[in-house]
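okay, sequence plus prediction incoming.
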Amino acid sequence: MKKYLTVIVSLILAVVIMTGCAGTKDGSAKPIVIYDGEFSESKIIHQMAKMLVEEHTDATVEIRDEMSPVNSYRDLAKGGSGDLMNSYDGTLLTTYLKKDVPDVPEGKTLYEYANEVAMGKDGTRLLKPLGHENTYAIGVTNELAAQYRIDTITDLVAVAPELIFGAEHEFFSEEGSMKYSPFVDFYGLEFKESKAIEMALKYSAVESGNIDVTIVYSTDGMNKKIGLKVLEDDRNFFAEYNDALLVRDDLFDRYEEIAPNLEDVLNMLAGQFTDEGMTDLTYEVDVNGKTPQEVARDFLVEKGLIGS
């Protein structure tokens with residue numbers, strides 16, 4: 001009897017193990033996992049990726065709680081639970097891969113080189129560019145720009161000692177070369193004071209006059225809301241930041257059976273956006289109070305990429 005029970009238990013365990021492994025190849029047992037971004041742009045694009053995948057394949061997508069971009073990439077690169085994320089070629093090159101723009105070989109684009117290095121180092125790659133660029137930029141109020149006749153970042157040099165610079169904590173980190181210390185050293189800027197503030201408080205700090213100069217993202221709808229002037233990066237310090245979905249390369253093999261067209265489906269977003277168009281989408285979330293889901297669905301339906 002004891003031997004019989006042992007055989008039964010062994011068979012049950014085998015079934016459990018096989019069930020747990022089912023879908024490792026085809027993904028049928030597990031959804032595609034995305035850790036949500038901290039900005040409206042990433043949240044909107046993540047929702048679009050989910051809607052497209054669930055409309056055009058048999059796979060499902062689970063969007064989990066926010067994770068910082070650096071931690072999300074680390075999880076992706078080490079084969080953690082995340083499968084894809086919204087990113088930018090400039091971020092991949094300078095923040096995640098610790099390279100600089102001068103490292104890009106002649107004859108290759110930043111996008112091509114970042115993808116080549118990422119595949120070799122981490123087994124990750126960018127899908128096709130989405131069409132818009134969301135680069136770092138320096139913003140000041142229109143009133144301050146008029147007062148000091150500021151059009152370019154170089155124009156800031158003479159008046160920086162009178163001004164307070166503020167940005168979210170991430171911009172003051174040492175992760176990558178497109179950060180505060182390399183920036184001010186490159187342009188020779190000496191601000192009266194620099195402040196690391198919570199991202200959610202940054203724009204209100206500008207409006208209240210607590211900071212004069214800040215880092216912005218070129219397609220952020222809040223720039224439009226509070227009337228920020230984006231200064232020309234006249235010495236080309238900031239890298240290109242072309243938006244694209246970033247995936248672990250084994251994703252498509254793992255989901256081949258239930259989503260053989262997964263890469264093509266995700267690439268349906270390629271070339272769909274302009275800088276102005278993405279600014280309008282983030283404005284709907286950040287200013288008009290729509291959810292990323294609402295904005296994503298309306299956009300995809302209007303483009304004919306999903307059914308109404």
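Received, thanks. Computed from a prediction, not measured in an experiment: that's the story for all the values here. Residues are numbered from 1 along each chain as shown.

so residue 148 touches residue 155, yeah?
Yes - using Cβ atoms under 8 Å, residue 148 is in contact with residue 155, at 7.3 Å. The way it works is simple: take the backbone N, C-alpha and C, and place the C-beta from them, glycine included.

pull out the buried positions in stretch 146-161.
148, 150, 153, 154, 155, 156, 159, 160 (16 or more other Cβ atoms under 10 Å).

and whichever helix or strand residue 42 is part of, average pLDDT?
In this assignment (DSSP states H and E), residue 42 forms part of helix 40-56. Averaged over helix 40-56, pLDDT sits at 97.

tell me which residues in it are buried?
Buried residues in helix 40-56 (16+ other Cβ under 10 Å): 40-54, 56.

ditto for stretch 274-283
278, 279, 281, 282, 283.

least confident secondary structure element in this structure?
Ranking every helix and strand in the chain by mean pLDDT, DSSP states H and E puts helix 2-21 at the bottom, with a mean of 43.

any stretches of the chain with poor pLDDT?
Within the chain, the ranges that satisfy pLDDT under 70 run 1-29.

phi and psi next, for the residue positioned nearest the centre of it.
Centroid-nearest residue in the chain: residue 87, 3.4 Å away (criterion: Cα atoms, centre = their mean). For residue 87, the backbone dihedrals (degrees, to the nearest 10) come out as phi -150, psi -170.

wait, it touches residue 126, no?
Yes - assessed by Cβ under 8 Å, residue 87 is found in contact with residue 126 at 6.9 Å.

any residues in contact with both of those two?
Common neighbours of residue 87 and residue 126, using Cβ atoms under 8 Å, 6 or more residues apart in numbering, are 244, 245, 246.

tell me the one of those nearest residue 70?
Residue 70 has its nearest neighbour among the shared contacts of residue 87 and residue 126 in residue 246, at 12.6 Å by Cβ to Cβ.

before we go further, that closest one is sitting in a strand, right?
Yes - checked against DSSP: H, G, I helix; E, B strand; the rest coil, residue 246 lies within a strand.

that one: neighbouring residues, count only.
27 (other Cβ atoms under 10 Å).

repeat that for residue 193.
Using other Cβ under 10 Å, residue 193 has 11 neighbouring residues.

same deal with residue 270?
Residues lying near residue 270 (other Cβ under 10 Å) number 15.

so it touches residue 130, yeah?
Yes - if you go by Cβ under 8 Å, residue 270 and residue 130 touch, sitting 6.2 Å apart.

would you state the strands of the stretch 101-250 of the chain in chain order?
124-126, 136-141, 164-168, 193-197, 213-217, 228-231, 243-248 (DSSP state E, counting those that start in this stretch).
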